[in-house]
Structure formats: structure tokens, C-alpha cells
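Visitor: A structural model of the following input is requested.
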Amino acid sequence: MQVTQSYARPSSSQVDSEGMKFNFSAEMSRKPVSINAVIKNSLAYARLMLALREVVKGDWRPAQKDHTAYQEWVAERYLEELPQHMKGVEARKIKKLEEREKLQTKKTALRKEISKTQSVVNKARRQYYNWLYQHDRDKWMVLDPVISVHPDAVIFEAFSLDESSYGRISVPSKLLETIGEIDYGTTNIDFSQALADEIYRVRSYRPAWLKVAFEKVELSTAAGGTVEKKIDLPESWVRGFLQVQSASTLDGIRVTLHSQTVAKILLELERKKERESPRSLRFMLKKGEKTTIVIDPWGIEVEDTNVYQGSHEGEVRLWGRRRLFVLKELLPYSDKVEVKLLGTGMPSYWTVEMDGHRFDLGLSGWTSNDWAKKGNFDLLASTGNTKNIDIKKVEQVLIQKLATTPQEVAELMGIDRSNATFALQELAKNGQAMYDHLTGTYRWRQLLQQDIKLTKNEEDERLKYAVSLVKGGQVEIMRSERLDGGLTEYSVGVQGKNFYKPTIHLDLDGRIKYAECGCSFFRRNKLRQGPCAHIMASVISISKNA
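Guide: Next comes the predicted model:
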């Protein structure tokens, strides 16, 4: 997917008698977005921006080991021992093998000569990318952060290099002393390495200014002319950005941890290196008792000071825990960390507040399972039917209000809350809205100026099969029953290769709170790789009858 981004000039910073000013250059192809404000509690803001930078440059994928040399050694030993086992074979074959061995020896010698040069090339490549990261990070980064200016907050969003971590900063309007007019909306901002270095210079005694400017410059200036970037944007980046919004709408287990508890976990991970599996964090939850987190494989227990008051009891396991080091520098300045767990091997959300500013860290189920892979959380986020609602009208409501809830949309348009949720979730799926899991609100946020068109992937094939089951009349809603707490339980019969009976619980917003199936895919993966085809078919059938 080709994306072109144009900026009037590079982002910059300056220090004068009024304080430190951060001038973010807004992307020019979008609708004008601008704000000029003094940031209160600017030191906390700076620390959060540096944490967001850690997310942007984060790549926690394990380094792949090079086994080439070992494989060559094995091949050499094989050729040495082979004649001993082939004494009964014709001499001609032995001669051919000897010739082959000589050629292999020459080949090995040539490879050794090449490897000397190759090591120099590899070293130069590493030096180049290190230099690029230090001096021209714009070419090193995949995409600049996204900023949304709303009446109640200014929000920064970014994605990690390995696409397994999502960071978001929320700066409430009450902590901004705005000057002049504000143009609300969403844009990309030019976030250069030089600007990031200046953030380190923020001090509590020196006022900090936030300026997002949209300026159409036709002539070059002292700061430089128009900056244009043509980016080959990976579809996985876009797909992941959309899935993180869908996953955040799902119901989860909320746990409040003292910041010292998370700091202790990170300290243990710094002191020790995992040599074997499992490499997980185990949350031991029991209502009325303090939360205990077990660090595997050493079995180290860290007990929190807060008493767990949630309804879910049991064990929840998380992987990819070293990504939590993004929070390390924030913990000394915050009292607590709010955690939302979606389940074992499922995504988790970690929230830290500092002097009114908020940082959200969304982590996929594990490091190698990035947000773009096998999630399909959008299929769990809502149920509904496009025939029952005009999504374009809901889009206009969201553009006008910038932030709203399904209940407000339902009252304004005179529709069911479940249909309002479905429409808002469709906008989030298309990159036009974001969801705040702490406030339960949807915000207008257009991820890209152009329409998002993604190619089919493995999960789309699963969905295609589910649709074929529905069209073939192989799905029947056998029973629906009202439960406590506004939930509705559906028992569905699906005739695939075998007959399955998925069970699904929906809330008032049409969101799936519980799903279960007897097929092998669900028994093996639960919902960690998204719903099975039978649950998908059940959701589609329920939506059609809504």
C-alpha cells in the first residue's frame, strides 16, 4: 500500500524566554489540524512521549540464529564418512563422489573468501542502519505517529516496529492553556529523531508548548522546504492498527497493580535470563485476596498490595512480558498501573497516569503474534446488520461530536444500542474511529486520508467458509435465553464437516462476552487466534436475525 505524506517543514523545537516550544508539522494532504497551547505538568508529558518513542522503535522479536556454518560442517563430515558405507558400490560411483568432494572443498574455500567480504558488508549495513536511526529516523521508521486534536483531549498514537505493541498518550484539555483558534481532527505528525532528543531537555521549571501546525509552504524557508515522504506501508501495520481498536472493546478482567509491583517484575526480568520455557507471567486472581503474579520459569511470586475485587477467579497467563520495559521509566512517578486482561494468551492493556496525563500500552497475546496475525477481534466486538442502520449517518454524527458513546448515538438516531455499537465498530474497523476502553467512548480518528483496502488473509478464508455455511442453510439458532446482567445466551446448531453446537453470550451492545464451540480449532486455540468458523457462522446468523 503506497502512502505519500507531505509536511510544510520538518518538526522542530526551540527554547526562548517563554519556554521550550515543540512545533509538530502536520501532514498537508489531510484536513487542517492545528493547536497552540502551553502544557501543564510538562515534565510528565515529556516522560510519556519518551515512552511512546520506546514503543515506536520497539522490536522484541527473537533474533534468528544462523546455522549455515554448522550445516556446512555436517555436510563435510557426511562426505568423509560416506565412502566407508559404500565399499560395495562400483568404483565409478566412488570416483564421482570423490570428484564431488573436491568440488565441495573448493566451494568451501570460496565461501570462506566470500565470508571475509560478507562480514565487512554486514558490519557496514549495521553501521548504516544505526546511523540512519540516529540521524534520519524518518527513513528508518515505518510511519509517523498519529495525533488527534479533540475538544476534551489531544491524543498521540503509535505502533511498534514488530507490530506487537500499541502506544497511546492522552493529554486532557484541562492541562492545556490554548492560545488562538483550534482546528479539530486527525493527522500524522513529523516526529524526527532530533525532536525526540529535545524532549529529554524538558524541565519542570521551564514551560513547554505544544504546537501542531498545518502550513502550506510554496517557497523554501530557513527550516527547509516541503518535506515529502513516499512510504510503502505494510498492510500488516494497517491491519494491526484496526485490530487493536476492536480488541479494546472486548470485555476483560480489570486488575489494579501498585507501580512498585510492576517495577519488581521488571527488576527480576533484568536480573535473570530465561533459558527454558515457560516464559510467562501468571496472574493468580481470587476475589478478596491480594493479586499474586508468578514469574516463570523460576516460580518467583510477586504479591501486590491491592486486594482484587473482580468477579473472575483463576489463573491468567501472559507472554511477551519484556515489552513491559516500555513502562520502566514511568513507574517511579505513578502510584498505580491499571491492567485489562482479555484472557490467557490474549491481548492486554496497561494504563499509567502521571499528573493527569495518561499512557496506554496495548500488547498482543505474545511477541511473535503481532496485532495483524490471526486475531480477528473485530468479529467478536459487535454483531449487527448493515440493513438496519445507515453507517454514513453515524459517521456524520461522530464527525460532528468527535467523541460519543453507543447510547448517545442510539438516542440521537432513534435506533437500538446494539445497532449503534455495530455501526461505530464498523467505523473503527475501517480506520475511522478509535475506542477508549477506560471511558467507553468512540472517537473520530481517520487513520489514513485514503481508503483502506486490505488483501485477503487466512482468517478471511475462515470467514468465507462461515458465510458459505450460513448461505447453505447449515446454521440454525436453536435457543435464545435472557440472562442476568443484560446478557442473552444463544445456542446455535452448525452443520459443517460434523455437527457443532456453539454457545454465545451477547450484551446489550451486541458484543460477545462469552463464546464456546466443540470443534478442534476452538479446543486447541480458544479465542487466541480469533473465533472458529462455527462461531463466525453463528455470529453472522444472529446478526441477520437481529
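
Visitor: and residue 462, backbone torsions?
Guide: When read as degrees, to the nearest 10, the backbone of residue 462 gives phi -60, psi -40.

Visitor: same question, residue 42
Guide: The phi/psi pair for residue 42 (degrees, to the nearest 10) reads phi -70, psi -30.

Visitor: so, low pLDDT: which residues of the stretch 101-250 of the chain?
Guide: 118, 122, 125-126, 128-144, 189-196, 214-238 (pLDDT under 70).

Visitor: where do the helices of it begin and end?
Guide: In the stretch 101-250 of the chain, the helices defined using DSSP state H, counting those that start in this stretch lie at 137-140, 193-199, 235-248.

Visitor: and the last one, what does it pack against?
Guide: Put plainly, it is helix 235-248. Counting contacts by 3 or more Cβ pairs under 8 Å, 6 or more residues apart in numbering; DSSP states H and E, helix 235-248 is packed against strand 153-159, strand 165-172, strand 357-363, helix 378-381, helix 417-429, strand 433-436. To be clear about C-beta, it is placed using only N, CA and C from the backbone, and glycine gets the same treatment.

Visitor: closest to residue 61 out of those?
Guide: With Cβ to Cβ as the criterion, residue 61 lies closest to strand 165-172 of the helices and strands packed on helix 235-248, at 11.4 Å.

Visitor: okay, the angle between the closest one and strand 153-159?
Guide: Interaxial angle, strand 165-172 versus strand 153-159 (axes from the mean of the first three to the mean of the last three Cα atoms, to 10 degrees): 170 degrees.

Visitor: domain-wise, how is this protein divided?
Guide: Under the assignment automatic domain parsing, the domains of the chain span 2-57+141-224, 68-137, 246-375, 382-444, 458-544.

Visitor: and of the ones you listed, who's closest to residue 240?
Guide: Each of these was scored for nearness to residue 240 using Cβ to Cβ, and the closest is domain 246-375 (3.3 Å).

Visitor: where in the stretch 401-546 of the chain is pLDDT low?
Guide: Low-confidence regions of the stretch 401-546 of the chain, defined by pLDDT under 70, span residues 448-460, 546.

Visitor: and the helices in it?
Guide: 406-413, 417-429, 458-471, 520-525, 533-544.

Visitor: what helices or strands is the third one leaning on?
Guide: So the one you mean is helix 458-471. Other helices and strands packing on helix 458-471, by 3+ Cβ pairs under 8 Å, 6+ apart, are helix 533-544.

Visitor: the domains of the chain into a markdown table, with extra columns for mean neighbour count?
Guide: Supplementary listing: these in a markdown table, determined by neighbours: other Cβ atoms under 10 Å:
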| stretch | mean neighbour count |
| --- | --- |
| domain 2-57+141-224 | 19 |
| domain 68-137 | 11 |
| domain 246-375 | 18 |
| domain 382-444 | 19 |
| domain 458-544 | 18 |
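
Visitor: Serialize the ones you listed to JSON lines and add fields for distance to residue 239.
Guide: Formatted as JSON lines, the domains of the chain follow (distance: least, Cβ to Cβ, whole Å):
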{"stretch": "domain 2-57+141-224", "distance to residue 239": "9"}
{"stretch": "domain 68-137", "distance to residue 239": "24"}
{"stretch": "domain 246-375", "distance to residue 239": "4"}
{"stretch": "domain 382-444", "distance to residue 239": "10"}
{"stretch": "domain 458-544", "distance to residue 239": "10"}
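
Visitor: find the nearest non-adjacent residue to residue 181, please.
Guide: Sequence neighbours aside, residue 34 is the residue nearest to residue 181 in space, at 7.8 Å (criterion: Cβ to Cβ, 6 or more residues apart in numbering).

Visitor: that neighbour pairs with what?
Guide: In this structure, residue 34 bridges to residue 183 when assessed by DSSP bridges.

Visitor: make a markdown table out of the helices and strands packed on helix 235-248 and add distance to residue 511.
Guide: Compiled in a markdown table, the helices and strands packed on helix 235-248 are given as follows (distance: least, Cβ to Cβ, whole Å):
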| stretch | distance to residue 511 |
| --- | --- |
| strand 153-159 | 22 |
| strand 165-172 | 20 |
| strand 357-363 | 18 |
| helix 378-381 | 6 |
| helix 417-429 | 7 |
| strand 433-436 | 11 |
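
Visitor: would you mind measuring from residue 285 to residue 312?
Guide: Distance of residue 285 to residue 312, given as Cβ to Cβ, to the nearest Å: 6 Å.

Visitor: between those two, which contacts overlap?
Guide: Shared contacts of residue 285 and residue 312, defined by Cβ atoms under 8 Å, 6 or more residues apart in numbering, comprise residue 253.

Visitor: isn't the residue nearest to residue 181 right up against residue 185?
Guide: No - with contact defined as Cβ atoms under 8 Å, residue 34 does not count as touching residue 185 (9.1 Å).

Visitor: which neighbours do those two share?
Guide: Between them, residue 34 and residue 185 share the neighbouring residues residue 149, with contact defined by Cβ under 8 Å, 6+ apart.

Visitor: residue contacts, the nearest residue to residue 409 once chain neighbours are set aside?
Guide: Sequence neighbours aside, residue 420 is the residue nearest to residue 409 in space, at 4.0 Å (criterion: Cβ to Cβ, 6+ apart). Applying Cβ under 8 Å, 6+ apart, we find residue 420 in contact with 389, 394, 406-407, 409-410, 413.

Visitor: out of the residues you listed, who's nearest residue 539?
Guide: Ranking those by separation from residue 539, with Cβ to Cβ as the measure, puts residue 389 on top at 16.8 Å.

Visitor: how much space separates the residue lying closest to that closest one once chain neighbours are set aside from residue 55?
Guide: By the measure of Cβ to Cβ, 6+ apart, the closest residue to residue 389 outside its immediate chain neighbours is residue 419, 4.7 Å from it. For residue 419, the distance to residue 55 (Cβ to Cβ) stands at 35 Å.

Visitor: now do the SS call for residue 297.
Guide: When the structure is split into helix, strand and coil by DSSP: H, G, I helix; E, B strand; the rest coil, residue 297 lands in coil.

Visitor: quick thing: my sequence starts at 36, can you match it?
Guide: Sure, I'll start numbering at 36, so the last one becomes residue 332.

Visitor: these two touch, right, residue 441 and residue 456?
Guide: Yes - when contacts are counted by Cβ under 8 Å, residue 441 is listed as touching residue 456 (4.2 Å).

Visitor: overlap of the contact sets of these two?
Guide: By Cβ under 8 Å, 6+ apart, residue 441 and residue 456 have these common neighbours: residue 544.

Visitor: specify the beta-bridge partners of residue 478.
Guide: Taking DSSP bridges as the rule, residue 478 bridges to residue 438, residue 469.
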